[in-house]
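Engineer: Predicted model follows, preceded by the sequence.
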Amino acid sequence: MPPIATQAVRLALPAALLALLAGCASTPADAPPEPRALPPEIELGEVTDRGAAAMERAQRLSGEGLTRSALAEFERAIAINPTLTPAYIGAGAIYAERGEHADAERRYRRAAELEPRNFDAQFGHGLALQMLGRFADSVRAYLAALSVRPGDFDANLNVATAYLRLGEPRQALPYARTAVRLQPGNAPARVTLGSVFASLGRHGEAVVEYQQAAESMELTPELLLSLADNLGRTGRHEEAAATLEELIRTDASAPAYERLGSSRFRLRQYAEAERAFRSAIELDPRHYPALNGLAVCRLNDHLWSDRADRGALMEARELMRQSLRIERNQPQIVELMTRYR
């Protein structure tokens, strides 16, 4: 699957959703205290003043990079005044930075309950839910944020990504397109739109988006694999093979060699295809698509010998057996095994 990203957003949210997805270091911490009931002798004005003072200290400490102390002040402000929405948002942002997404979700959720039309509360809640893998809930939060700011780049990009994770590329498409329209040079947005097109079977359009992304970002293995796969699906096997050769020079992997083998096979370069499949299996003996590819190559050897090469047939059958032991749900391989029994 595909790359995700956000910009630095609102009250020290993480710099990029891609960085969050890669994992943030989590700092052990006790669960934040629940807001406490105020003693009856405290007047409302005093509550407001004390809460505002705690908020001011929290924001100053956060600006100085003293996030642990800032978090304590945000939580103090919440305890003093449980209706102080900015304190919940500030605490949620720090929890998110620390990778404590369950606590971030709880704080953002309360902020969104207090102020449903607060964009930062809804967006932060969506981001925390997305990091927890609760994609359907994150979509609802992002849509609430977009009802406040329909043209927000990060919210459009993130809701598209969440829809993709739910396996709903048609719902993702308008938001991915909006993100690209808002920031045409943003590579993660182009990659997301490319992934949407690929999921919809619109591989030519996916190629265009991946190529646009490649012009403005470092070429990652994931991007090159996606580009090569969609080039192959549009019949552009020479370009796919060249892309995979470029990838293998810097980051050889079983999937890259396997897809190179598939491209070479479709170009009728059978010896090169067999070498690529064998290289994939050397790197990962359990990569069953490479086992299947090599099996097909050996079956061809058997057939081209007028079925005299029994060694090729036996090797092909053994490769298919290995593949089915790894992944049983392969009806085409089962059919080949039956045909060449």
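Structural biologist: Arrived safely.
Engineer: mind checking the SS state of Met217?
Structural biologist: Three-state call for Met217 (DSSP: H, G, I helix; E, B strand; the rest coil): coil.
Engineer: per-residue confidence for it?
Structural biologist: You'll see Met217 listed with a pLDDT of 88.
Engineer: and what of Leu146?
Structural biologist: 98.
Engineer: Check whether it really touches Val159, as I assumed.
Structural biologist: Yes: using C-beta atoms under 8 Å, Leu146 is in contact with Val159, at 6.9 Å. Any C-beta I mention is one placed from the backbone N, CA and C, and that applies to glycine too.
Engineer: Compare those two (neighbour count), which wins?
Structural biologist: Higher neighbour count among Leu146 and Val159: Val159, with 29 against 21, using other C-beta atoms under 10 Å.
Engineer: What strand or helix carries the residue lying closest to Asn158 once chain neighbours are set aside?
Structural biologist: In this structure, Asn158 finds its nearest non-sequential neighbour in Tyr142, 5.7 Å apart by C-beta to C-beta, 6 or more residues apart in numbering. Per DSSP states H and E: Tyr142 is located in helix 135-148.
Engineer: With Leu313 instead?
Structural biologist: Judged by DSSP H and E, Leu313 forms part of helix 310-326.
Engineer: go on, Glu222?
Structural biologist: Glu222 belongs to helix 221-233, assigned by DSSP H and E.
Engineer: so what does that helix touch, helix or strand wise?
Structural biologist: helix 187-199, helix 203-214, helix 237-250, helix 254-266 (3 or more C-beta pairs under 8 Å, 6 or more residues apart in numbering; DSSP states H and E).
Engineer: switch to 6 Å and redo it
Structural biologist: Where contact means 3 or more C-beta pairs under 6 Å, 6 or more residues apart in numbering; DSSP states H and E, helix 221-233 is packed against helix 203-214, helix 237-250.
Engineer: related to what we said a few turns ago, in the helix holding Leu313, which residues are buried?
Structural biologist: Neighbour counts over helix 310-326 (16 or more other C-beta atoms under 10 Å) mark Ala312, Leu313, Glu315, Ala316, Arg317, Leu319, Met320, Gln322, Ser323, Leu324 as buried.
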